[in-house]
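Q: need a 3D model of the sequence below.
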Amino acid sequence: MTTNQSRLERWEARLKKVFDEIDVELEDLYGHRARRHPNRPAHGHTSNREDDGLFDIGAAFTVGIGSQYGPGYVVQARIATLDPVPPRIREKFEAEVIRRLREKLPAAFPDTILHVDRDGPVYKIHGDLSLGQL
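A: Numbers count the residues shown, from 1 in each chain. Okay, the predicted model is just below:
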């Protein structure tokens, strides 16, 4: 991180680091269970974990219009394969991402109250998005 980054950029960099940690853990445990998409390099072969390996895990900010939780980050977790993935496997994968996210957020954002809850068809990180003392 550089000192020229805004608070928002530093906050989102911390969040990305959490998702990257989860990606590495899941690749190590499950990366061999399906063929990755042919357009994706092997795990660890790009500078961005979102662009390689079997998994693509991250979040996108939403202002929360129509949401019961308001603004937050919609969790995006996908298995990057052309092979069919049964719904129960997708659900298990999504649950594992959410479990690990709930486990890691408090350490990444100490003294910040963040929640991960289902918001309609998606999971959302919401709570204190004030950017704290970054």
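Q: give the rounded mean pLDDT of the helix ranked longest in the chain.
A: Ranked by residue count, the top helix of the chain under DSSP state H comes out as helix 7-30. Taken as a whole, helix 7-30 has an average pLDDT of 91.
Q: buried sites along that helix?
A: Applying a neighbour-count criterion of 16 or more other Cβ atoms under 10 Å, one finds 10-12, 14-16, 18-19, 21-24, 26-27, 30 buried in helix 7-30. Bear in mind the C-beta positions are built from the backbone N, C-alpha and C, glycine included.
Q: can you dump the C-alpha atoms of the next helix or strand after it in PDB for me?
A: Per DSSP states H and E, helix 7-30 leads on to strand 55-62 as the next helix or strand towards the C-terminus. Extracted as PDB, the C-alpha positions of strand 55-62 are listed here (Å, rounded to 0.1, in the frame of the first residue of the first chain):
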ATOM      1  CA  PHE A  55     -12.000 -20.100  -7.800                       C
ATOM      2  CA  ASP A  56     -13.000 -16.400  -8.200                       C
ATOM      3  CA  ILE A  57     -13.900 -14.800  -4.900                       C
ATOM      4  CA  GLY A  58     -14.400 -11.200  -4.200                       C
ATOM      5  CA  ALA A  59     -17.000  -8.500  -3.500                       C
ATOM      6  CA  ALA A  60     -18.600  -5.500  -5.200                       C
ATOM      7  CA  PHE A  61     -20.000  -2.500  -3.500                       C
ATOM      8  CA  THR A  62     -23.700  -1.700  -3.700                       C
END
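Q: strand 55-62 pairs with which strands?
A: For strand 55-62, the paired strands and their directions (DSSP bridges) read strand 72-79 (antiparallel).
Q: and the nearest residue to K16 once chain neighbours are set aside, what does it touch?
A: Leaving aside its sequence neighbours, K16 sits nearest to G58 (Cβ to Cβ, 6 or more residues apart in numbering; 7.1 Å). For G58, the contact set (Cβ atoms under 8 Å, 6 or more residues apart in numbering) comprises 16, 19, 50, 75-76.
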